[in-house]
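1. My questions are about this predicted structure, shown below with the sequence.
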Amino acid sequence: MPTYHALGDHTESVQIQYDPKQTTYADLLKIFWQNHDPSACLSRQYMSAIFYHNDNQKALAEETMQKESQNRKRPIQTKIAEAERFYDAEDYHQKYLLRQQRGLFNSLELSKKEVLNSHIAARLNGYVGGYGSPNKFEKELPNLGLSVEQANYVNQLIGRGPMS
């Protein structure tokens, strides 16, 4: 099993589980291409890669890479490869940004497994990392099941201030 300090021939990556009723694989690929430099020539640990799970995903990844290459001056370095075994990062890397807010993180009282799989922890990780607006948080708040104290803390982090 690879570790952060001994990756071997592995690449740091994320595995995304999504609801096709909410978003599409094409939408995820669009986000992928818009949010990093696929022309950067990096080591295997940090290389740009798309790991597909079926022929449809492979074809769409290749198609979007072709289109993307027409909009770039430098050649795209992204590798497209079949997904193999996925290894979770060590515990201290899970929901890393949320973990930096120790009071909030500890108040969630999540087990190690729950930290990995909690939709709420994933959403809060994004908000405390600056990914999401106060308005989006307010809209999503009723579905998060947070206490008033937890919600106030997140509101202060994202710039809204405490709830009244």
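-> Noted; the coordinates are in hand. Numbers count the residues shown, from 1 in each chain.

2. Can you identify the element that follows the biggest helix by length in the chain toward the C-terminus?
-> As assigned by DSSP state H, the longest helix anywhere in the chain is helix 55-69. Going down the chain from helix 55-69, the next helix or strand is strand 79-82, by DSSP states H and E.

3. Pairing partners for that next one, with directions?
-> Note on strand 79-82: by DSSP bridges, its sheet partners are strand 49-52 (parallel).

4. Distance from the partner strand to the middle of the chain?
-> Mean C-alpha position of strand 49-52 versus that of the full chain (C-alpha atoms, centre = their mean, to the nearest Å) differs by 14 Å.

5. show me the contacts for Ser39.
-> Contact analysis of Ser39 by C-beta atoms under 8 Å, 6 or more residues apart in numbering lists Arg72, Lys73, Arg74, Pro75, Ile76, Gln77. The way it works is simple: take the backbone N, C-alpha and C, and place the C-beta from them, glycine included.

6. Please report how far the third one lies from His53.
-> Read that as Arg74. Arg74 sits at a distance of 29 Å from His53 (criterion: C-beta to C-beta, to the nearest Å).

7. Could you check how many residues crowd around Thr24?
-> For Thr24, the neighbour count with other C-beta atoms under 10 Å is 12.

8. Quick check: it vs Gln57, distance?
-> Distance from Thr24 to Gln57, counting by C-beta to C-beta: 11 Å.
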